[in-house]
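Q: Test case, fold it:
(one chain, ligands or ions: 1)
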Amino acid sequence: MDFNLTEAQKALQKKAREFAIREVLPVARKYDESEEFPIPVLKRAWEEGLLNLGIPEKYGGPGYGILDSCIIVEEISSACPGMATSIFDNNLGSEPIVIGGNEEQKQRILGELINEFKLIAFATSEPTMGSDVAGMKCKAEKDGDEYILNGAKFWVTNGGFADYVTVFATVDPEKKHKGIAAFIVDTKTDGVKLGKHIPKLGQRASNTVAVALKNVRIPKENVLAKPGRGFVLAMQTFAHTRPAIGAFATGCARSAMEYAIDYANKREAFGRPIGNYQVIQEKIANMFKDIEAARLLTHRAAWEADQGIDNNMSSAVAKAFASDVAMNVTTEAIQIYGGYGYLRTRPVEKLFRDAKLYQIYEGTSEIQRIVISRFAMKRYEHAMPNVFKQDR
Ligand SMILES: Cc1cc2nc3c(=O)[nH]c(=O)nc-3n(C[C@H](O)[C@H](O)[C@H](O)COP(=O)(O)OP(=O)(O)OC[C@H]3O[C@@H](n4cnc5c(N)ncnc54)[C@H](O)[C@@H]3O)c2cc1C
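A: Here you go, the predicted structure:
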């Protein structure tokens, strides 16, 4: 076992950190205030090879592993969680093609994302469902070799500016997961309507919209997964992208802790820096240990995915744990700042608002706990004999 990053991973971390400090951090507050979509930053990320992290080298991409991607996104999220979400969204949108696309689709779409600055979004959620993916209602009707899509998708990150959306839709809502198929939707297709930006509590630099689909004809070559296969593809995608949410949360928490340390060393109360008080030191110690644990769990979930090991459980653990850490650490960082922490002008206020999203998107914290408890109660192998079968 080796917990060290490889030399290549250290170089990636350095590159991503420099990008985050140079391109993201200086404009983080500006985009949070204006809620504009940070196209120039995304373009810079594309130019530097940081936009389509998971596209294999065979299709012109950098071919980073999931652990590599986690190392990169922790750095970008440290500067601005909202921009990190926007930058990583091309991974979420393209991952179903990387996993389930045919050779022609991979050459065409993945190649295009590498050669041109294009955005691809991901859409399972709808106005009436998010957690219950099998309960989607957006309709896919077969017409010869083609499909016709009708319905609405909601919460589509980057959707307002996307060139493509990987859309999950059902041939029959009664069939639940067995009816779900997946499609590559070119947003220029007749009948696709991209909604207006939906204002949010945090992560305001990420664009969130509804996408309406009215008689949208999907040619045969853009059918990504046949009915029944779409649900599995969505779950496989989440297993690959959830570690990155753990890394986002770790980065967000890390910055909140760093701001809190700087403040604790400087701010004086009762004639001494507040960092001299044990109650503040304890808060910093808790932040530090929780961030370390969040990163380790995240890296393990990512490593498992890279090894081809089923990481459904480890990615649920990492995502749930790291999301809670981000929420707790940002809350405590505000506490350390006292009244100033509550001001819009202080960075910890923004990180606190940004952190909340981690407990919601890509499977809420409750859904992760369902995954974990199912494993713990049904599949986990006990080390000790069953308490009811032990001789007394
Ligand atoms: C900013 C933002 C960006 C997003 N981006 C995308 C995107 O790009 N693509 C996309 O497809 N989706 C996206 N989503 C949607 C996101 O994945 C969903 O919001 C999330 O899965 C929760 O679904 P919901 O909002 O419908 O809540 P619901 O599923 O209605 O859940 C409401 C509450 O009930 C709880 N709950 C639900 N079922 C159970 C259960 N069985 N047991 C216990 N508790 C339960 C939930 O945990 C939650 O607390 C985004 C959401 C946000 C807020």
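Q: where does the stretch 151-300 of the chain dip in pLDDT?
A: Low-confidence segments of the stretch 151-300 of the chain, defined by pLDDT under 70: none present.
Q: Close to the ligand: what parts of it are there?
A: Residues of the stretch 151-300 of the chain found near the ligand (C-beta under 6 Å from any ligand atom) are Trp155, Val156, Thr157, Lys200, Thr208. Placement of C-beta: from N, CA and C, glycine included.
Q: which residues touch the first one?
A: What it means is Trp155. For Trp155, the contact set (C-beta atoms under 8 Å, 6 or more residues apart in numbering) comprises Ser125, Gly130, Ile198, Thr208, Ala210, Tyr361.
Q: Let me have those residues in TSV, extended by neighbour count and secondary structure.
A: TSV is the format used below for these (neighbours: other C-beta atoms under 10 Å; DSSP: H, G, I helix; E, B strand; the rest coil):
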residue	neighbour count	secondary structure
Ser125	20	coil
Gly130	18	coil
Ile198	15	coil
Thr208	22	strand
Ala210	20	strand
Tyr361	20	coil
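Q: which among these gets closest to the ligand?
A: Nearest to the ligand out of those is Gly130 (C-beta to the nearest ligand atom; 1.9 Å).
Q: mind listing what the closest one touches?
A: By C-beta under 8 Å, 6+ apart, Gly130 lies in contact with Phe154, Trp155, Thr364.
Q: And the helix or strand encompassing the second one, what's buried?
A: Which is Trp155. Per DSSP states H and E: Trp155 is located in strand 146-157. Buried residues in strand 146-157, counted by 16 or more other C-beta atoms under 10 Å: Tyr147, Ile148, Leu149, Asn150, Gly151, Ala152, Lys153, Phe154, Trp155, Val156, Thr157.
Q: Equivalent analysis for stretch 280-294, please.
A: Ile280, Lys283, Ile284, Met287, Asp290, Ile291, Ala294.
Q: Leu343 contacts Ile334, doesn't it?
A: No - using C-beta atoms under 8 Å, Leu343 is not in contact with Ile334, being 9.7 Å away.
Q: Next, show the common contact partners of the two.
A: Contact criterion C-beta under 8 Å, 6+ apart; residues shared by Leu343 and Ile334: Glu349.
Q: can you give me the helices in the chain?
A: For the chain, the helices defined by DSSP state H occupy 7-19, 28-34, 39-47, 66-79, 81-100, 103-105, 111-115, 229-266, 278-306, 312-337, 347-355, 365-374.
Q: a markdown table for those, including distance to Phe168?
A: Converted to a markdown table, the helices of the chain look like this (distance: least, C-beta to C-beta, whole Å):
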| stretch | distance to Phe168 |
| --- | --- |
| helix 7-19 | 30 |
| helix 28-34 | 29 |
| helix 39-47 | 24 |
| helix 66-79 | 21 |
| helix 81-100 | 8 |
| helix 103-105 | 16 |
| helix 111-115 | 19 |
| helix 229-266 | 5 |
| helix 278-306 | 21 |
| helix 312-337 | 18 |
| helix 347-355 | 27 |
| helix 365-374 | 16 |
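Q: closest to Cys138 out of these?
A: For Cys138, the closest of the helices of the chain is helix 229-266, at 11.0 Å, according to C-beta to C-beta.
Q: buried stuff in the closest one?
A: The neighbour-count check on helix 229-266 (16+ other C-beta under 10 Å) flags 230-231, 233-234, 236-257, 259-261, 263-264 as buried.
Q: what angle do the strand holding Trp155 and helix 81-100 make?
A: Angle of strand 146-157 versus helix 81-100, following axes from the mean of the first three to the mean of the last three C-alpha atoms, to 10 degrees, is 150 degrees.
Q: What spatial separation is found between the residue sitting nearest the centre point of the chain and the ligand?
A: Geometric centre of the chain, nearest residue: Ile245, 4.2 Å, by C-alpha atoms, centre = their mean. With the distance defined as C-beta to the nearest ligand atom, to the nearest Å, Ile245 ends up 10 Å from the ligand.
Q: can you check Ile66 too?
A: 18 Å.
Q: just Thr128 next, same as before
A: 8 Å.
Q: Any idea how many residues pack against the closest residue to that residue other than its chain neighbours?
A: Spatially, and ignoring its direct neighbours in sequence, Thr128 is nearest to Lys137 (6.7 Å; C-beta to C-beta, 6 or more residues apart in numbering). Lys137 has 14 neighbours, counted by other C-beta atoms under 10 Å.
Q: rewinding a little: out of the contacts of Trp155, what pair is the most spread apart?
A: Going by C-beta to C-beta, the pair spanning these furthest: Ala210 and Tyr361, at 15.2 Å.
Q: returning to what we had before: what pLDDT does the residue nearest to Thr128 get?
A: At Lys137, the model reports a pLDDT of 98.
Q: likewise Glu332?
A: In this model, Glu332 is scored at 98, pLDDT.
Q: List the contacts of the closest residue to it other than its chain neighbours.
A: Nearest non-adjacent residue to Glu332, counting by C-beta to C-beta, 6+ apart: Lys283, 5.0 Å away. Applying C-beta under 8 Å, 6+ apart to Lys283 gives the contacts Ala260, Glu332, Gln335, Ile336.
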